[in-house]
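Engineer: Sequence below, structure please.
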Amino acid sequence: RGFLSKTHVMWSRGWYNFKKQLSAGPVVHLTRRQRESTTLMSFPTRASLDLWRTNDDRSLGGHSSSELDYDEEEKALRFHGTLSGDLTNTEVEQSGFAAMVSNTGIYDCDTFDALELDIKTDGRPYVSNLQIDAFSSEHLYQAMFASSPNEWDTVLIPFRGYTQTFRGRVLLDELPLDPSRIVSFGFLLADGTDGPFSLSVRTISAVNTVVRNRATSRYTGFGDGKTPNSADLY
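Structural biologist: Just a heads-up that it's a prediction; the model follows:
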């Protein structure tokens, strides 16, 4: 229904794998030498809120709501609100989604192979969004992830696990993510469940898993990141 009915390709694939296992922003220039990790975004002060914005289905006639707060104690951004798939408004175009999006910057992650999130969620399945400089903002690379509910957790998402989408639909002729061209980060909730939600993030980092053997972090996204065949999607 609503948003989900129009994006079932992405979500059928995401759930299948999930169940199986330039507004001027910051500029991050990374050297070519191999490093274990680097912090791409942290939130030391309340001014960090200025680098992010929310987007939900209210702009399209829906009834979800979302906002961003700053957690002074945790030095974190908190994205929260209420998801609603209500379609009583006959003018509604899409419903049942809420997202937070960073301003654009330059993040050359060419020497890294994964994104690491220091994050706390309510246990619902969220999506990590990446935008690169080669396409419009409606083209995203997306990966579903889960974390332990209501506690700080570390989630590791290999860049190969991101799937290219256009307006939420998987591109069957998708191109692999080029980590050297990332310009924006984001988080999306559109799991089809009405009700309150909450996601807090302390840091977003790039990791070289070859250099650092991270046995404690886990990836719970889109599997191997390969394009599915039609049987996988439908």
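
Engineer: Low-confidence bits of this protein, can you list those?
Structural biologist: Applying pLDDT under 70 to the chain flags the ranges 1-34, 89-94, 212-234.

Engineer: Tell me if I'm right that Ala98 and Gly62 touch.
Structural biologist: No. Using C-beta atoms under 8 Å, Ala98 is not in contact with Gly62; the gap is 9.3 Å. Quick note: C-beta positions are derived from backbone N, CA and C, even for glycine.

Engineer: So for those two, which residues contact both of them?
Structural biologist: Each of Asp56 lies in contact with both Ala98 and Gly62 under the rule C-beta atoms under 8 Å, 6 or more residues apart in numbering.

Engineer: more crowded one of the two?
Structural biologist: Comparing Ala98 with Gly62 by neighbour count (other C-beta atoms under 10 Å), the higher total belongs to Ala98, at 27 against 24.

Engineer: how about the more buried one, what does it touch?
Structural biologist: Taking C-beta under 8 Å, 6+ apart as the criterion, Ala98 is in contact with 54-57, 64-66, 79, 81, 83, 188-190, 197.

Engineer: Now the buried members of those.
Structural biologist: In these, burial by neighbour count holds for 54, 56-57, 64-66, 79, 81, 83, 188-190, 197, counting by 16 or more other C-beta atoms under 10 Å.

Engineer: what are the pairing partners of the lengthiest strand in the chain, and which direction each?
Structural biologist: Identified as the longest strand of the chain according to DSSP state E is strand 195-207. Here strand 195-207 is paired, per DSSP bridges, with strand 37-42 (antiparallel), strand 76-83 (antiparallel), strand 114-121 (antiparallel).

Engineer: could these be laid out in TSV, adding distance to Ser147?
Structural biologist: Putting these into TSV (distance: least, C-beta to C-beta, whole Å) gives the following:
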stretch	distance to Ser147
strand 37-42	17
strand 76-83	13
strand 114-121	5
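
Engineer: Ok, which of those comes nearest Gly168?
Structural biologist: With C-beta to C-beta as the criterion, Gly168 lies closest to strand 76-83 of the strands paired with strand 195-207, at 15.1 Å.

Engineer: just checking, next helix/strand downstream of that closest one?
Structural biologist: Helices and strands here follow DSSP states H and E; after strand 76-83, the next one along the chain is strand 98-102.

Engineer: Relative to Val207, how far out is Asp173?
Structural biologist: Applying C-beta to C-beta, to the nearest Å, the value for Asp173 to Val207 is 29 Å.

Engineer: between the two, which one's more packed in?
Structural biologist: Neighbour totals were compared for Asp173 and Val207, and Val207 leads with 23 against 6 (other C-beta under 10 Å).

Engineer: That one pairs with what?
Structural biologist: Val207 has the following beta-bridge partners by DSSP bridges: Ser37, Ala114.

Engineer: which ones are touching it?
Structural biologist: By C-beta under 8 Å, 6+ apart, Val207 lies in contact with 36-37, 112-116, 156, 214.

Engineer: got the CA coordinates for stretch 193-206 in PDB?
Structural biologist: These are the backbone C-alpha positions of stretch 193-206, laid out as PDB (Å, rounded to 0.1, in the frame of the first residue of the first chain):
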ATOM      1  CA  THR A 193       4.200  -0.900  10.400                       C
ATOM      2  CA  ASP A 194       2.300   2.100  11.700                       C
ATOM      3  CA  GLY A 195       3.500   3.600  15.000                       C
ATOM      4  CA  PRO A 196       6.300   5.400  16.800                       C
ATOM      5  CA  PHE A 197       9.900   5.000  15.800                       C
ATOM      6  CA  SER A 198      13.300   6.100  17.000                       C
ATOM      7  CA  LEU A 199      16.900   6.000  15.600                       C
ATOM      8  CA  SER A 200      19.900   7.600  17.200                       C
ATOM      9  CA  VAL A 201      23.400   7.800  15.500                       C
ATOM     10  CA  ARG A 202      26.700   8.800  17.200                       C
ATOM     11  CA  THR A 203      29.100   8.300  14.300                       C
ATOM     12  CA  ILE A 204      29.300   7.200  10.700                       C
ATOM     13  CA  SER A 205      32.700   5.700   9.700                       C
ATOM     14  CA  ALA A 206      34.400   4.100   6.700                       C
END
